[in-house]
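J.: With the input below, show me the fold.
(one chain, ligands or ions: 1)
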Amino acid sequence: MKLADKAILNTHSNRELSFDADRSRDVVRQFYSKAAEEPQKELCCPTSYPTEDVSHIPQEVIDRFYGCGSPISIANVKEGETVVDLGSGAGIDCFIVAKKVGPSGKVIGVDMTDRMLNIASESSSIVANNLGYDVVDFRKGFLEEIPVDSKSVDLVTSNCVINLSPDKKKVFSEMWRILKDNGRIVISDIVSEVEIPPHILTNDRLLGECIAGALTEEQFFSYLEQAGFYGLQILKKLYWKEVDNHRFFSLTLRGYKFEKRAGCVYIGQRAIYNGPFKAVTDDEGHLFPRCEAVEVCTDTAEKLSKPPYAGLFIITDPTKEAPENYSCCNDNGSCC
Ligand SMILES: C[S@@+](CC[C@H](N)C(=O)[O-])C[C@H]1O[C@@H](n2cnc3c(N)ncnc32)[C@H](O)[C@@H]1O
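T.: Numbers count the residues shown, from 1 in each chain. The predicted structure is shown next:
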């Protein structure tokens, strides 16, 4: 094939792809415009937040909670953090986070559906009144082009939204872009037990209901790894429902961003894994047998001393032969 033909073919398929993405977003937008106008009880997974987390939030927002997990409850949100919630809907997760980050924090909700954004923005002043401070900002935009500066965010959350995106890989790379180094994601979403068959995949109603666009758990993890996330962990998994003999689950997971330094070198550091497993392997394939001092570069040493690994390893001082005050294994090789 000539180069020119290839270019035409590429342009053609790119156009088709963007047409499909636009169509898919239109279907989802219409679906959630309706769900903003009139609460849809059957859309909600059996999940809820504790009363004390939502006591400052207007009822019309709570009635439009369409999440499939409670990521905010397990995201360990800290005071002063900057948090972005993707597909913020009527704003429930943003308002819960606002209470947790306090007046020195910042919360940005991103959604593409005007009617959802209107309810969220109108409720914002009520929430600010109840809390005594205003830290929430709702922005109109796509998850595939998040209207937030690069490297400006501590935590990205999302509740039952990624399955709705026509370009999930782009969403994950956008999450990576806006996160600061060592930032984290905590996401709840629907996953399918097996790959979705074409008759479900092309069903618009099931797309809106967070079924047709669901990834398998394996795909979800693989896409996140491809975007660069590490330390991936399932925090919660619940059975949701069966559609046409296919089982769907609600999954809440966490992952971290770490940017490799250009000057990563070996300066004599070693990592000693404390157990309880006999050995563990990190995302880059380094093997750490329990209680053995393994040579690590500066990047790996830094990674292993931060969440989610903090406390599992002892990182030795490169200027000393053996770690000080270190007791891990006893004589028969088991760890204390
Ligand atoms: C299932 S609702 C969840 C809303 C909210 N997270 C909650 O827990 O109530 C999905 C939301 O994501 C938004 N959404 C879906 N796809 C989107 C996209 N590609 N870009 C921006 N927003 C999107 C919809 O407008 C809708 O408000």
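
J.: Point out the residues in the stretch 51-200 of the chain that sit beside the ligand.
T.: For the stretch 51-200 of the chain, the contact set with the ligand under CB under 6 Å from any ligand atom comprises 65-67, 87-89, 92-93, 111-113, 116, 142-144, 159-161, 164-165. For glycine as for every other residue, the C-beta is placed from the backbone atoms N, C-alpha and C.

J.: how about a cut-off of 5 Å?
T.: The stretch 51-200 of the chain comes close to the ligand at residues 65-67, 87, 89, 111-113, 116, 142-143, 159-161, 164-165, as judged by CB under 5 Å from any ligand atom.

J.: Report how many residues lie close to Gly317.
T.: Slight slip there: residue 317 is Asp, not Gly. 12 (other CB atoms under 10 Å).

J.: what about the strands in the stretch 51-200 of the chain?
T.: Here the stretch 51-200 of the chain has its strands, by DSSP state E, counting those that start in this stretch, at 82-86, 106-111, 136-140, 153-159, 179-192.

J.: And the average pLDDT for the first one is what?
T.: What that stands for is strand 82-86. For strand 82-86, the mean per-residue pLDDT is 98.

J.: That strand - contacts with which helices or strands?
T.: Strand 82-86 makes packing contacts with helix 92-101, strand 106-111, strand 153-159, helix 168-178 when contacts are defined by 3 or more CB pairs under 8 Å, 6 or more residues apart in numbering; DSSP states H and E.

J.: domains for this protein, by residue range?
T.: 12-256, 264-336 (automatic domain parsing).

J.: now, of those domains, which is deepest in the fold?
T.: Comparing the domains of the chain on average neighbours per residue, with mean count of other CB atoms under 10 Å, the densest one is domain 12-256 at a mean of 19.

J.: How far off centre is it?
T.: When distances are taken as CA atoms, centre = their mean, to the nearest Å, domain 12-256 is centred 8 Å away from the chain's centroid.

J.: In contact with the residue nearest to Ser305 when sequence neighbours are not counted: list those residues for me.
T.: Leaving aside its chain neighbours, Ser305 sits nearest to Ile315 (5.3 Å; criterion: CB to CB, 6 or more residues apart in numbering). Ile315 makes contact with Gln269, Arg270, Ala271, Val296, Ala301, Leu304, Ser305, according to CB atoms under 8 Å, 6 or more residues apart in numbering.

J.: What sits closest to Met175 if chain neighbours are left out?
T.: Val156 (4.9 Å).

J.: Which pLDDT does the model give the one you found?
T.: 98.

J.: List the contacts of it.
T.: Counting by CB under 8 Å, 6+ apart, the residues that Val156 touches are Val83, Val84, Asp85, Leu86, Met175, Ile178, Leu179, Gly183, Arg184, Ile185, Val186, Ile187.

J.: Ile196 too?
T.: By CB under 8 Å, 6+ apart, the contact list for Ile196 reads Ile211, Ala212, Gly213, Ala214, His246.

J.: Phi, psi for Glu79 please.
T.: Phi and psi for Glu79, reported as degrees, to the nearest 10, are phi -60, psi 140.

J.: Pretty sure it sits against Val101.
T.: Yes. With contact defined as CB atoms under 8 Å, Glu79 reaches Val101; the gap is 6.1 Å.

J.: Quick check: which ranges of this protein have low pLDDT?
T.: Along the chain, the parts satisfying pLDDT under 70 run over 1-19, 44, 46, 320-336.

J.: run the last query once more with 50
T.: 1-12, 330-336 (pLDDT under 50).

J.: For it, just list every one of the helices.
T.: Listed in chain order, the helices of the chain (DSSP state H) span 3-37, 51-54, 59-62, 92-101, 114-131, 168-178, 198-201, 204-208, 217-227, 298-304.

J.: Dump these into a markdown table; add distance to Glu242 as well.
T.: Output for the helices of the chain, formatted as a markdown table (distance: least, CB to CB, whole Å):
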| stretch | distance to Glu242 |
| --- | --- |
| helix 3-37 | 21 |
| helix 51-54 | 30 |
| helix 59-62 | 28 |
| helix 92-101 | 27 |
| helix 114-131 | 28 |
| helix 168-178 | 23 |
| helix 198-201 | 12 |
| helix 204-208 | 13 |
| helix 217-227 | 16 |
| helix 298-304 | 40 |
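
J.: Cheers, nothing more for now.
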